[in-house]
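**Q** Turn this into a structure:
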Amino acid sequence: METLKRTPLYEEHKRLNAKIVPFAGFEMPVQFSSIIEEHLTVRTKVGIFDVSHMGEIWIKGKEALNLVQKVSSNNAEKLSVGQIHYSGLLTEKGTFVDDMLVHKIEDNTFLLVVNASNVNKDFAFIKDNAKGFDAQVENQSDNTAQIAIQGPNALEVLSKIVKDCDLSKVKYYWFTYGNVLGEKCLIARTGYTGEDGFEVYISPEKASELWQELLEKGKDYGIKPIGLGARDTLRLEACMALYGNDIDDTTTVLEADLGWILKFDKNCDFNGKSILLKQKEEGIKRKLVAFELIEQGIPRHLMECYSEKGKVGFVTSGTMSPFLKKPIGMAYLDIEYTGAQTNFFVDIRGKKVKAQVVNKPFYKRQKK
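**A** Residues are numbered from 1 along each chain as shown. Just a heads-up that it's a prediction; the model follows:
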């Protein structure tokens with residue numbers, strides 16, 4: 001049995017009587033009240049998440065950009081200082097080592113935020129790819145706490161704490177620096193919920209104070225602490241991929257329907273480029289789609305999908321949507337079944353339940 005790590009907010013979660021479960025090598029809160037209640041709080045008010053388990057890998061040096069370009073699918077050369085994009089960390093086969101957010105800190109400095117379960121693997125992979133580059137790779141995950149503030153009221157709540165900059169001026173997928181309880185912190189307008197919100201990177205020593213301050217300042221805005229359970233249902237409604245479910249080292253960027261983060265026009269031979277080009281030219285044989293059940297049931301990870309002819313794929317993620325109040329999921333299906341409104345069946349405990357492919361995402365927030 002591996003020894004589970006604890007985030008700097010573990011004692012806060014215990015104090016709030018959270019249900020703690022093992023997740024990605026950490027003891028993490030899966031829920032504080034109910035998943036449905038927490039989910040709806042983020043959709044209609046504001047919630048805070050402990051995401052300190054996520055990994056922070058820094059790439060610095062004269063050839064930092066070249067290294068980022070080699071290992072990732074998106075084009076980091078297009079980023080301005082202060083800008084962020086979503087990207088794939090790619091194997092030589094064009095599949096996912098991980099997915100990540102790339103932050104351009106300075107011309108020769110990038111922050112890669114990666115998934116908790118993959119931190120050590122990602123760090124070793126990037127270090128290995130860094131051979132021959134004038135660039136340094138640092139894993140600062142253990143020295144960084146992260147709190148996400150998500151929901152329609154996120155801006156108002158965080159602005160009560162961060163007073164030295166106008167957070168309303170920070171565009172989606174950009175970041176700024178602000179004074180947070182006396183500490184200069186990176187504040188990014190990003191999230192994994194489909195809502196507006198921010199992710200604050202702070203020292204582990206200050207994390208509990210910020211958590212408590214957010215709960216106090218957010219009282220009038222209906223703030224609640226949110227666990228991993230609602231984080232998963234929120235991201236699924238927004239059709240955001242989960243590593244280990246929807247994408248992994250067996251799925252390519254094109255199969256994952258993430259062609260928009262794949263930039264073939266980069267001035268470099270990035271990992272998997274030739275294989276992905278070949279796959280694009282020949283056409284993919286399967287694709288990740290969104291679907292709804294049109295009969296009663298709840299789809300779950302790894303349930304098999306069928307047509308009249310036989311097996312055509314499998315479910316990667318599924319749930320009863322708390323906000324939309326209907327069963328939703330994502331699945332890899334043979335390419336001929338991936339068009340919108342195409343019907344197929346999900347095998348739920350031996351019963352073939354009718355499903356239909358729909359356009360992504362299931363939920364899109366209304367901009368203020």
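**Q** mind listing what's buried in stretch 85-101?
**A** Residues of stretch 85-101 classed as buried under the neighbour-count rule (16 or more other CB atoms under 10 Å) are 85-91, 94-101. Yep, even glycine has a C-beta here, placed from its N, CA and C like the rest.
**Q** quick one: contacts for the most centrally placed residue in the chain?
**A** Ranked by distance to the mean C-alpha position of the chain (CA atoms, centre = their mean), the top residue is residue 192 at 5.0 Å. For residue 192, the residues meeting the contact criterion (CB atoms under 8 Å, 6 or more residues apart in numbering) are 51, 148, 231, 234-235, 240.
**Q** how does it look with 10 Å?
**A** Under the criterion of CB atoms under 10 Å, 6 or more residues apart in numbering, the contact partners of residue 192 comprise 49, 51, 54, 101, 148, 150, 199, 231-232, 234-235, 238, 240, 242.
**Q** Provide the secondary structure category for it.
**A** coil (DSSP: H, G, I helix; E, B strand; the rest coil).
**Q** before we move on, the earlier item: just to be sure, which of the contacts of residue 192 are found in strands?
**A** Judged by DSSP state E, the subset of the contacts of residue 192 located in strands is 49, 101, 148, 150, 199.
**Q** isn't the second one right up against residue 199?
**A** Yes - taking CB atoms under 10 Å as the definition, residue 101 is a contact partner of residue 199 at 8.8 Å.
**Q** which neighbours do those two share?
**A** When contacts are counted by CB under 10 Å, 6+ apart, residue 101 and residue 199 have 54, 84, 113, 175, 188, 190, 192 as shared neighbours.
**Q** Let's have those in CSV, adding pLDDT and distance to residue 158.
**A** Supplementary listing: the shared contacts of residue 101 and residue 199 in CSV, determined by pLDDT from 0 to 100; distance: CB to CB, whole Å:
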residue, pLDDT, distance to residue 158
54, 98, 18
84, 99, 17
113, 99, 18
175, 98, 13
188, 99, 11
190, 98, 13
192, 98, 17
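**Q** I'd like the distance between residue 187 and residue 146.
**A** Plainly put, residue 187 is 11 Å away from residue 146 if you go by CB to CB, to the nearest Å.
**Q** From residue 295, how far out is the closest residue to residue 14 other than its chain neighbours?
**A** With CB to CB, 6 or more residues apart in numbering as the criterion, residue 14 has its nearest non-adjacent residue at 7.4 Å, and that residue is residue 20. According to CB to CB, residue 20 and residue 295 sit 36 Å apart.
**Q** can you check residue 61 too?
**A** Taking CB to CB as the measure, residue 61 and residue 295 are separated by 56 Å.
**Q** okay, these two: which has more neighbours?
**A** residue 61 (16 against 13; other CB atoms under 10 Å).
**Q** And for the closest residue to the more buried one other than its chain neighbours, the neighbour number?
**A** Distances taken as CB to CB, 6+ apart put residue 135 closest to residue 61, at 3.9 Å, once the chain neighbours are dropped. Applying other CB under 10 Å, we find 22 other residues in the vicinity of residue 135.
**Q** can you pull the contacts of the residue nearest to residue 14?
**A** 4, 6, 10, 13-14, 26-31, 227.
**Q** Kindly recompute the last result at 7 Å.
**A** Listed by CB atoms under 7 Å, 6 or more residues apart in numbering, the contact set of residue 20 reads 13, 27-29.
**Q** Can you verify it is assigned to a strand?
**A** Yes - counting by three-state DSSP, residue 20 is part of a strand.
**Q** where does it land on pLDDT?
**A** According to the predicted model, the pLDDT of residue 20 comes to 98.
**Q** Tell me the bridge partners for it.
**A** With DSSP bridges applied, residue 20 shows beta-bridge pairing to residue 29.
**Q** do the same with residue 243
**A** Residue 243 has these beta-bridge partners by DSSP bridges: residue 247.
**Q** what about it, how many neighbours?
**A** Under the neighbour criterion other CB under 10 Å, residue 243 is assigned a count of 21.
**Q** correct me, but it touches residue 115?
**A** Yes - look at residue 243 against residue 115 with CB atoms under 7 Å: they come within range, at 5.0 Å.
**Q** could you pull out the strands for the stretch 101-250 of the chain?
**A** Here the stretch 101-250 of the chain has its strands, by DSSP state E, counting those that start in this stretch, at 109-114, 136-139, 145-150, 175-180, 183-188, 197-202, 224-226.
**Q** Save the ones in strands among the contacts of residue 192 as JSON lines, and put in pLDDT too.
**A** Compiled in JSON lines, the ones in strands among the contacts of residue 192 are given as follows (pLDDT from 0 to 100):
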{"residue": "49", "pLDDT": "98"}
{"residue": "101", "pLDDT": "99"}
{"residue": "148", "pLDDT": "99"}
{"residue": "150", "pLDDT": "99"}
{"residue": "199", "pLDDT": "99"}
